[in-house]
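J.: have a look; sequence and predicted model below, questions after that.
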Amino acid sequence: MSLKDYYATLGVSRSASQAEIKKAFRKLARQCHPDVNPDDPEAESRFNQLAEAYEVIGDPERRKLYDQGHIDQTWFSTDNFSHIRDIFQQSQQRQRQDAERPAESAASNAKNRFRFGEFLNNIVDSVPWSKESEEPSAARKKSRPEAQTKAAGASLDLEQTVRISLEEAMQGTRKPVDLVQEKPCSLCNGTGEVRQQVCRKCFGKGKLRSEKRLEVKIPAGVRQGSKIRVANEGLRRGTEQGHLYLQVELLPHPFFESDAQGNLHCEVPVTITEAVLGAELEVPTLSGRVKMKIPPGTQGGQVFRLRQKGLKAPKSDTYGDQMVSVQLVVPQKLSPQERESYQALFQSGEALRRARYTD
């Protein structure tokens, strides 16, 4: 039986690097995915052809076998190709579940939808690890720590990171968590061999990656580094079952910084006139804008406290405070009238008062 030209399917040369093959697959998969082409009945067929090609030449060991003529159409039995079909079916099932789930807002809809980029990552990661790439790249680990599950030593417990915003930490939320584990290869039962030949599904490794999506409740009041236990979602050994521990990482906020006590810190701009004469400012908080008075003679860097406007305390109805640091804004462009006013103020002795601190 003749071989399919998988290089032509992905539009790359036979000398293409693994990175070039991966890039080509991702680009074409985005264009041909059935969800992107709902009115095209041939879209799923084209997508499956791309996935089949990447399943072979996207892995260095399979690519070598293919180049030597050892992989043809018969290789794609249900056992060999089933896991990439499973990923496709899982993505469609998640989208149906998200569509059926009642949404509180457009923002929650967008948050719950299965991201197409994540789907491509799952297919890319589903290729068994080879000597050239024994685990996902360091860049992928940094960008998707929630997908990197690790066993805590010899324990059956697993640890993962879950990233949430300050608003979610304040109010509590529910987050999808992708649990990625290794499981014994179903074709060789973990031995790495089939009929004294290297298993073509796991390439002798005896294990494959498996994915499971959980929806985890994050309680209000969690802090940076807080741990949340998800019972019975760890590794299994005989009758023993471990747990999954999610470590909370608070995402950077454009305005606030938080500390270990649940206080929020922010800076607000104040004009020289407001600082000299005093003013009433509108200050953003996680629960909305509030008014804050500053007295006459307020200095740059002076800190004011908004009580009970910080993060909620764990398992309590108390809140931290919001610490507001005043930052003076010096005008860079002055009108002729403004310049005259400042010159008059300077001549009235302000410079002499300042000089007392610099002598």
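T.: Here it is on my side, so go on.

J.: where does the prediction get shaky in the stretch 151-300 of the chain?
T.: For the stretch 151-300 of the chain, applying pLDDT under 70 flags the ranges 151-154.

J.: hey, where'd the strands end up in it?
T.: With strands called from DSSP state E, counting those that start in this stretch, the stretch 151-300 of the chain shows them at 158-164, 173-184, 193-194, 197-198, 207-218, 227-230, 236-237, 240-241, 244-250, 257-258, 264-271, 279-285, 288-294.

J.: quick one, the last one and strand 264-271 angle?
T.: Regarding strand 288-294 and strand 264-271, their directions subtend 60 degrees when assessed with axes from the mean of the first three to the mean of the last three C-alpha atoms, to 10 degrees.

J.: mind saving the C-alpha coords of strand 288-294 as PDB?
T.: Extracted in PDB, the C-alpha atoms of strand 288-294 (Å, rounded to 0.1, in the frame of the first residue of the first chain):
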ATOM      1  CA  GLY A 288     -16.300  50.200  43.200                       C
ATOM      2  CA  ARG A 289     -15.200  53.800  43.500                       C
ATOM      3  CA  VAL A 290     -15.300  55.500  46.900                       C
ATOM      4  CA  LYS A 291     -14.600  59.100  48.000                       C
ATOM      5  CA  MET A 292     -11.500  59.900  50.000                       C
ATOM      6  CA  LYS A 293     -10.600  63.300  51.500                       C
ATOM      7  CA  ILE A 294      -7.000  64.500  51.700                       C
END
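
J.: that one pairs with which strands, parallel or anti?
T.: strand 279-285 (antiparallel) (DSSP bridges).

J.: ok, now the third one?
T.: Sheet pairing of strand 193-194 (DSSP bridges) gives strand 197-198 (antiparallel).

J.: reformat the strands of the stretch 151-300 of the chain as a markdown table; add distance to Thr318.
T.: Placement of C-beta: from N, CA and C, glycine included. A markdown table is the format used below for the strands of the stretch 151-300 of the chain (distance: least, C-beta to C-beta, whole Å):
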| stretch | distance to Thr318 |
| --- | --- |
| strand 158-164 | 20 |
| strand 173-184 | 20 |
| strand 193-194 | 61 |
| strand 197-198 | 61 |
| strand 207-218 | 19 |
| strand 227-230 | 20 |
| strand 236-237 | 40 |
| strand 240-241 | 36 |
| strand 244-250 | 19 |
| strand 257-258 | 15 |
| strand 264-271 | 14 |
| strand 279-285 | 16 |
| strand 288-294 | 18 |
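
J.: which strands and helices sit next to the host helix or strand of Ala29?
T.: Secondary structure assignment for Ala29, by DSSP states H and E: helix 18-32. Counting contacts by 3 or more C-beta pairs under 8 Å, 6 or more residues apart in numbering; DSSP states H and E, helix 18-32 packs against helix 6-10, helix 43-57, helix 116-126.

J.: quick one: that helix to helix 43-57, angle?
T.: Angle, helix 18-32 to helix 43-57, by the same axes, to 10 degrees: 170 degrees.

J.: buried residues in helix 18-32?
T.: 18, 21-22, 24-26, 28-29, 32 (16 or more other C-beta atoms under 10 Å).

J.: of the residues you listed, which is the nearest to Ala275?
T.: Each of the buried residues of helix 18-32 was scored against Ala275 by C-beta to C-beta, and Arg26 proved nearest at 53.5 Å.

J.: so who does the nearest residue to Lys312 once chain neighbours are set aside touch?
T.: For Lys312, ignoring the flanking residues on the chain, the nearest one in space by C-beta to C-beta, 6 or more residues apart in numbering is Gly221 at 4.2 Å. If you count contacts by C-beta atoms under 8 Å, 6 or more residues apart in numbering, Gly221 has them with 169, 172, 262, 311-316.
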